[in-house]
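starting from these lines, generate the structure:
(chains A and B)
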Amino acid sequence: MDELPLIAGQVFNSFSVASLFVLAALGLALSFGLMRVINMAHGEMLMLGGYLAYLVFLVVPGPLAIFVAMPVAFVGAALVGAGLEMTVIRRLVARPLDTLLATWGVSLILQQAARNIFGAIGVGVTAPAWLNHTIAIANGPLAGLTIPATRIFIVAVAVAVLGALNLLLARTRIGLLVRAVNQDREMAAASGINVRQVDLGVFCLGAGIAGLAGVVLALLGPVTPNVGQSYIVPAFLVVILGGLGSLVGTMIAAMLAGLVSALSQIFVDVSSSQVLVLLFVVLFLQFRPQGVIAVRSRALDG
Amino acid sequence: MTAARPLLRHVWVVFLLLAAVAPWIVSPYELSLLGRFLALSILALGLVLLWGEAGILTLGQGVFFGLGGYVLAMHLKLTALTPGDIPDFMTWSGRSELPWWWQPFTNPGVALAAVIVVPGVCAALFAWAVFRRRVVGVYFALITQALALCFATLLVSQQETTGGFNGLTDFSTLLGFELAAKGTVWTLYWITVAFVTLSFLGLRWLMRSPFGMMLRATRDGENRVRFLGHNPTPYKVAAFTISAMLAGLGGALFTLHAGVVSPALVGVVPSIEMVIWVAVGGRGSLWGAVAGTLLVNFAKDEISSALPDAWLYVLGLVFILVVTLVPRGVAGIIEDALSRLRPVSPGRKVAAVTSPAGGGS
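All right, here's what the predicted structure looks like:
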């Protein structure tokens, strides 16, 4: 009866949740694969993207402001990422656990700065008219299903980013360098690749993607100083689930986490669904501790 | 060479005496802060075993702190009631009977034991599930962070049985003693000092035992330990469990001193702050952990009352600077200064060189 549209709606919801997870987790997975470090201030790159979108929407009128906001947020977050990589992360590359703590400090500072500049209460972005409606299905087996256009837009952005990233990594010289360093850092360095530069570039790229995700987040709800925190823990879980910095793994893991999260919300409330996602990850690791996609390596200490 | 050593070795007597006579020296407000922070330092001592010795970074210690605190708080809420009644916040949210998992804590003996047993059992199950599959390092840290997030959001969302965002507060008596009375406050303070001392001595004994050596070996080369025919998993699970039990004990004592336990004390942010107390003090040093906890928390109290906005900037900078510039913390600085003052025996020098600068692979 009413259950099919409900479930279909939640499945679609899970696609859009998964898209957000992918956008938030891609940068983490990229630099984790390369440098084995996790940037705890990655959530603040989302926040930064959101605030940059807010500023752009103030300055640029018209329905296409969002297409100005996206590149601005990308570049802005990438620049902050570059600063972070050069000042903090580069010093700690051999100490991944310490990197967690140091970047957490960065995240505290960025959050407090946002609180002082924009206030503790969130700022909002009004979605342009062409995004501000819902698509309702009137008849057929899925009658009653409604899909907000913003959610479709999110999925489209995620697909576009994944496609572009795949092209970049598979078809360009930059991608070749990244893959080389990813496979064997020392061998790559020995063949004359500037691995430090590749690290920096990938880190900036990841931060930039998080900035893009921030623009998308701004369409969904108010941008607050804590907005990054609410998305970043699921993003960490996605990286763990996905396996060592594998793009396909990250994508599948985001889908799984999104599905578990959205489908469980049919039965339980949001906070319990968070617990279920964590349980799912711990259970999953019982069967596949290497994550969805295991990168084969003969090294014991990865 | 030997002239300065016996004095230094017994400097702890001075600190212990100072701690014992503190109620006569400091103001009641300061005593209350000191009691709370000493309770927190029990948790910090546990982190030395887990992080400094075993190289396992947890970002979810607030969960076990919270379990200890909530278990005791549930008992405190229940003793204030006439039998058959339920706590007021449950009535306000429309509940008419006590949830089954509150009922055992009516008994003071069960509640006091549960302060350590509940965090211990939860930690052992969790750690076994995760370490069994060799989930280590950054992965483990991130999973524990998710655990802290889940715990705090569950507490907030299950308002009718947990007190929600406000947590549990407004306690009156423990085992018949008036909690607000001066005598109780002082006794509680001395009990806290005693527990800190006991935890300190117990952990020092543990770290010098073969168990401690296995933990250090696992930290420095888990695969080598495996190649030598040992299974490091039980040791890691034990270390995680012990530190969780200490966290539970600290949580319960903190709840008594502060008169409140709430999700704001156990979530993601407080959990990672707990790690920074130990980082500031020195992750490999027991006395460093106590010193770091007191230092950071008194600084927090001073700075956030003088300049509320400045504290998070300071804390953020402390995170960055301590980790990048002084990974061995205050204890490391002082040990280096002492060893420069006078020659050291070879044994101590080796210990200083191998003490952790990294932490996990």
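
which residue ranges form the helices in the stretch 201-302 of chain A?
A:227-242, A:247-267, A:270-287 (DSSP state H, counting those that start in this stretch).

show me what the longest one is packed up against.
The one in question is helix A:247-267. helix A:3-35, helix A:149-171, helix A:227-242, helix A:270-287 (3 or more C-beta pairs under 8 Å, 6 or more residues apart in numbering or on different chains; DSSP states H and E). Glycine gets a C-beta too; all of them are placed from N, C-alpha and C.

can you list contacts of that helix?
Contacts to helix A:247-267, defined as C-beta atoms under 8 Å, 6 or more residues apart in numbering or on different chains, come from residues A:6-7, A:10-11, A:13-19, A:21-22, A:25-26, A:29-30, A:162, A:165-166, A:169, A:234, A:237-243, A:272-274, A:276-277, A:280-281, A:284, A:291-293.

could you flag which of the residues you listed are buried?
A:10, A:13-19, A:21-22, A:25-26, A:29-30, A:162, A:165, A:169, A:234, A:237-243, A:272-274, A:276-277, A:280-281, A:284, A:291-293 (16 or more other C-beta atoms under 10 Å in any protein chain shown).

just those that are near chain B?
Of the residues in the buried ones among the contacts of helix A:247-267, proximity to chain B by C-beta under 8 Å from any C-beta of the partner chain holds for A:Leu237, A:Val239, A:Ile240, A:Ser272, A:Gln274, A:Val281.

redo the residues you listed as JSON lines? Include pLDDT.
As requested, these are exported to JSON lines (pLDDT from 0 to 100):
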{"residue": "A:Leu237", "pLDDT": "86"}
{"residue": "A:Val239", "pLDDT": "86"}
{"residue": "A:Ile240", "pLDDT": "84"}
{"residue": "A:Ser272", "pLDDT": "79"}
{"residue": "A:Gln274", "pLDDT": "79"}
{"residue": "A:Val281", "pLDDT": "84"}
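
and B:Gly288, that's in a helix?
Yes - membership of B:Gly288 in a helix is supported by DSSP: H, G, I helix; E, B strand; the rest coil.

quick one: contacts for it?
By C-beta under 8 Å, 6+ apart, the neighbours of B:Gly288 are B:Val48, B:Val278, B:Gly281, B:Gly282, B:Gly329, B:Val330, B:Ala331, B:Gly332.

where does the stretch 51-200 of chain A have low pLDDT?
Counting by pLDDT under 70, the stretch 51-200 of chain A shows low-confidence ranges at A:138-144.

list the contacts of the residue in it positioned nearest to chain B.
Nearest residue of the stretch 51-200 of chain A to chain B: A:Gly105, at 2.6 Å (C-beta to the nearest C-beta). The neighbours of A:Gly105, taking C-beta under 8 Å, 6+ apart as the test, are B:Leu315, B:Gly316, B:Leu317, B:Val318, B:Phe319, B:Ile320, B:Val323.

at 10 Å instead, please
Listed by C-beta atoms under 10 Å, 6 or more residues apart in numbering or on different chains, the contact set of A:Gly105 reads A:40-41, A:88, B:272, B:276, B:312-313, B:315-324.

would you write a PyMOL line that selects the buried entries of these?
To isolate the buried members of those in PyMOL, using 16+ other C-beta under 10 Å:
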select buried, (chain A and resi 40+41+88) or (chain B and resi 272+276+312+313+315+316+318+319+320+322+323+324)
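
if I look at the closest residue to chain A within the stretch 251-361 of chain B, how far off is B:Val296?
Closest residue of the stretch 251-361 of chain B to chain A, C-beta to the nearest C-beta: B:Phe319 (2.6 Å). Distance, B:Phe319 to B:Val296, using C-beta to C-beta, to the nearest Å: 11 Å.

got it, and B:Trp205?
Counting by C-beta to C-beta - B:Trp205 and B:Val296 are separated by 27 Å.

so between the two, which is more surrounded?
Between B:Trp205 and B:Val296, B:Val296 has the larger neighbour count (other C-beta atoms under 10 Å in any protein chain shown), namely 25 against 11.

okay, buried residues for the helix or strand hosting that one please.
Using DSSP states H and E, B:Val296 sits within helix B:286-306. Going by neighbour count (16+ other C-beta under 10 Å), the buried part of helix B:286-306 is B:286-297, B:300-301, B:303.

could you identify the most distant pair in those residues?
With distances taken as C-beta to C-beta, the most widely separated pair in those is B:Leu286 and B:Ile303, at 26.2 Å.
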